[in-house]
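Let me see the structure of the following:
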Amino acid sequence: MKINSRKVLSYAFTYVVWIIVTIVTILPVYWMFVISARSRVELFNAPNLIISSFYTQNYTNVIYDRTFQGYMLNSVMVSTGNAVLVTVLALLATYALSRYDLVGKDNIFFTTLTQRMAPPAAFLLPLFLLYTQVFAFGEGRARWDLYDTQIGLILLYCVFNLPFAIWLLKGIIDGIPVELDEAAYVDGATTSMVIRRIILPLAAPGLAVTLILSWVFAWNEYLLAATLTNFEARTITTGLAEF
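So this is what the prediction gives:
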């Protein structure tokens, strides 16, 4: 009986903890949803977690706004471009690290991972100067730089997401038997054919995960987008503050 009572108490305590964690996690999101469904007059009323009336005009005004649509398109373009570029580069890098006997490849892999540990905030000022002054060409209306451009964000997100993608794919590529590559080479296949016909099909689940995570990371990023964009390339995460 004592053992059963201890198990019951243990299970009850675990469920209570998880319920509290769930409430703490969901409550801010629910509160934002409640506020978004109120009119401007209701915003100044006493706080209430219950939605008395759902005011859909807020969503309609934002969704049909041309500026919002532009920010949404920027986010989709930047996230998709980053995800595709990161996945392709990570696949090529991990294949080289896994299959070729490179000098110091363990150090290369470790150095690549350490870049992910650096906080992006530490690079804000250097990146701003690079984007506005170093990588700048022309004068006046003919001036071109990476600041406030989609390609600038794509390249930057690729730099920060590539180490994670390489780490994620390294174990997957290592798990594919080398004998498959060797058998293909014996049959006259080239390296590109081996990657297309052997590595890609077998590593497809890992590549899909890498693609999705890279897309989500770029979509959710705020700090770099807020610093290195102004209007033309502004993403939805930074543009929502205007509505």
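
Show me what the helix or strand hosting Ala83 packs onto, helices and strands only.
Assigned by DSSP states H and E, Ala83 belongs to helix 66-99. The contact analysis (3 or more CB pairs under 8 Å, 6 or more residues apart in numbering; DSSP states H and E) places helix 66-99 against helix 105-117, helix 150-174, helix 204-220, helix 236-239. Yep, even glycine has a C-beta here, placed from its N, CA and C like the rest.

among these, which is nearest Thr67?
Thr67 sits nearest to helix 236-239 of all these, at 7.2 Å, using CB to CB.

who's in contact with that closest one?
67-68, 71-72, 74-75, 219-222, 225-226, 229 (CB atoms under 8 Å, 6 or more residues apart in numbering).

Residues contacting stretch 188-198, please?
91-92, 95, 176, 180-181, 184-185.

what do you get if the cut-off is 6 Å, keeping everything else the same?
With CB atoms under 6 Å, 6 or more residues apart in numbering as the test, stretch 188-198 has contacts from 180-181, 184.

And Leu153, how close does it get to Pro177?
Distance, Leu153 to Pro177, using CB to CB, to the nearest Å: 39 Å.

just for the protein, where's the confidence low?
Along the chain, the parts satisfying pLDDT under 70 run over 1-3, 138, 140-143.

what sits against Gly70?
Applying CB under 6 Å, 6+ apart, no residues qualify as near Gly70.

so who does the spatially most central residue of the chain touch?
Residue closest to the average C-alpha location in the chain (CA atoms, centre = their mean): Phe217, at 1.1 Å. Applying CB under 6 Å, 6+ apart, we find Phe217 in contact with Asn161.

Count the neighbours of the closest residue to Tyr95 other than its chain neighbours for me.
Closest residue in space to Tyr95, ignoring its immediate chain neighbours: Ile173 at 5.8 Å, by CB to CB, 6 or more residues apart in numbering. By the criterion of other CB atoms under 10 Å, Ile173 has 21 neighbours.

Quickly note the distance from Ala184 to Leu207.
Ala184 is 19 Å from Leu207, by CB to CB.

Neighbour count: those two, which is higher?
Using other CB under 10 Å as the criterion, Ala184 and Leu207 rank with Leu207 on top: 21 against 17.

Just list the residues touching the more buried one, thanks.
So Leu207 contacts Thr87 (CB under 6 Å, 6+ apart).

any idea how far it is from Val134?
For Leu207 relative to Val134 (CB to CB), the value is 34 Å.

Alright, that wraps it up for me.
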